[in-house]
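> curious how this folds, go ahead:
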Amino acid sequence: MPPSRDPSTPAPASEEPGSPHPPTAAASSPSTTWSILPSFKTYESGVSLLARSCSRRTWSLGTDVIMKESPYDSPSETPFDEQDIVDFLSSNTNIPVNSIIAEWTDDNATHFIIKEKLPGESLQSLWPTMSWEEKGKIADQVAEMLRELRKLTSDKMERVKEMPFCDQMLFNHLHPHLVGPLENDQQLWAKMVESLKGVIPAPASRTLGRMMPPCQPYTFTHGDLSMGNIIVDKGKVTGIIDWEWSFFAPVWWEYVKFRAGTPRWIDPEWFELLDERMDQHPAAVEFYSKFQSLVSKVESHDPKKIRSGHALIQELMADDEENLGGSSGSNTAEGGTPISTHSGM
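Predicted coordinates:
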């Protein structure tokens, strides 16, 4: 016999009094959930890719550590001296830098370096949310850090501990390699001329060399002051990262490279704010612009760049004739290579 129900208790809506059918699932309590699938707890990895460029990668390992990997089978790869750079900056400046935890190269010639992560986010990620006043204050802080770097000088162009250095923009865009240490401005210009591959007339090269401003004192230079390398937390610059290309460079190179290497169409506000706070070197900007024009003429297939480079060569050769009293010497390139003067060069 089925169990009896207290007459005072109302029957479920789906069951009339005396009905032989049990209540349907639709009439079950709203808090009841039925499932034939197992329940899994989701896991979110703490490893993520932060940045990539060519063959380099930067990974976030959890909340406090980053790892960078890069090939070490290229003539342009810098020495394993980032720990020396960090120690040098920590001992001589108040610029916050991330300390190195480990560094090694595996059997596949891949270099790994693990560093502490600085608190905050990149200026690039925060920029759209900041007011103009806040942006100006960040530029003030970075400029003050650059003034500290201006005090770090050497009598040679080199990395810390007299190591060779590499700078694609200063020497050769397409085939970068380690050079130095260089002991004087003449050695620097000789290395820069190598980028012209012996096809620029000697008088033009000679004139441009005279335009190069004095480079000493060779000053410690970061070389990449893009917003991605500035770390900010709550309106304060908590560090500048990516010092692996830093070296004692011409005193004007930090400013010139910032102007030449920062894409103004991407970061016009940052370019304007930091540019006006840096030590100005207009003569060096003009010199490097001409040098870059000649390099583009040699390496580019763009007819416009080739014509521009050719016009500059004619201008430089005319200046050389004036300096030599009307005689330009030989119309040959450095190294004695004959040079054509038609506009299609």
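
> put the alpha carbons of stretch 59-74 into PDB.
Taking Å, rounded to 0.1, in the frame of the first residue of the first chain, the C-alpha atoms of stretch 59-74 are listed here in PDB:
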ATOM      1  CA  TRP A  59      57.400  35.300 -21.400                       C
ATOM      2  CA  SER A  60      55.600  36.000 -18.200                       C
ATOM      3  CA  LEU A  61      56.100  33.200 -15.600                       C
ATOM      4  CA  GLY A  62      53.500  33.800 -13.000                       C
ATOM      5  CA  THR A  63      53.100  37.200 -11.400                       C
ATOM      6  CA  ASP A  64      56.700  38.000 -10.400                       C
ATOM      7  CA  VAL A  65      59.000  36.700 -13.100                       C
ATOM      8  CA  ILE A  66      59.700  37.100 -16.800                       C
ATOM      9  CA  MET A  67      61.800  35.000 -19.100                       C
ATOM     10  CA  LYS A  68      63.500  36.100 -22.400                       C
ATOM     11  CA  GLU A  69      64.800  33.800 -25.000                       C
ATOM     12  CA  SER A  70      66.900  34.600 -28.100                       C
ATOM     13  CA  PRO A  71      69.200  32.800 -30.500                       C
ATOM     14  CA  TYR A  72      72.900  33.000 -29.700                       C
ATOM     15  CA  ASP A  73      74.200  32.000 -33.200                       C
ATOM     16  CA  SER A  74      74.300  35.500 -34.700                       C
END
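
> chain center to stretch 120-127, what's the gap?
Remark: stretch 120-127 is offset 14 Å from the chain centroid, using Cα atoms, centre = their mean, to the nearest Å.

> buried ones in it?
120, 122-124, 126-127 (16 or more other Cβ atoms under 10 Å). (Each C-beta comes from the backbone N, C-alpha and C, glycine too.)

> nearest to His111, of these?
Using Cβ to Cβ, Ser122 comes nearest to His111 of those, at 22.7 Å.

> run through the bridge partners of that closest one.
On the basis of DSSP bridges, Ser122 is bridged to Ile231.

> so where's the stretch 101-250 of the chain shaky on pLDDT?
For the stretch 101-250 of the chain, applying pLDDT under 70 flags the ranges 172-174.

> am I right that Thr42 is in a strand?
No - using DSSP: H, G, I helix; E, B strand; the rest coil, the assignment for Thr42 is coil, not a strand.

> for stretch 50-65, which positions count as buried?
In stretch 50-65, counting by 16+ other Cβ under 10 Å, buried: 57-60, 65.

> same deal with stretch 164-171?
164-167, 169-171.

> check these and tell me the two furthest apart.
Longest span within these, Cβ to Cβ: Pro164 and Met169, 16.6 Å.

> and the strands in the protein?
With DSSP state E as the definition, the chain shows strands at residue ranges 47-53, 56-61, 65-71, 100-105, 110-116, 121-122, 153-154, 218-221, 230-233, 236-240, 247-249.

> nearest to Glu276, of the ones you listed?
Across those, Glu276 has its closest neighbour in strand 230-233 (16.6 Å, Cβ to Cβ).

> check the offset of that closest one from the chain's centre.
Worked out by Cα atoms, centre = their mean, strand 230-233 lies 15 Å from the chain centre.

> how about stretch 136-144?
18 Å.

> next: stretch 186-194.
25 Å.

> contact partners for Pro181?
By Cβ atoms under 8 Å, 6 or more residues apart in numbering, the contact set of Pro181 is 156-158, 162-165.

> which of the residues you listed are buried?
If we count by 16+ other Cβ under 10 Å, those have these buried: 157-158, 163-165.

> dump those residues to JSON lines, plus distance to Gln280.
Below are these laid out as JSON lines (distance: Cβ to Cβ, whole Å):
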{"residue": "Met157", "distance to Gln280": "22"}
{"residue": "Glu158", "distance to Gln280": "25"}
{"residue": "Met163", "distance to Gln280": "30"}
{"residue": "Pro164", "distance to Gln280": "30"}
{"residue": "Phe165", "distance to Gln280": "24"}
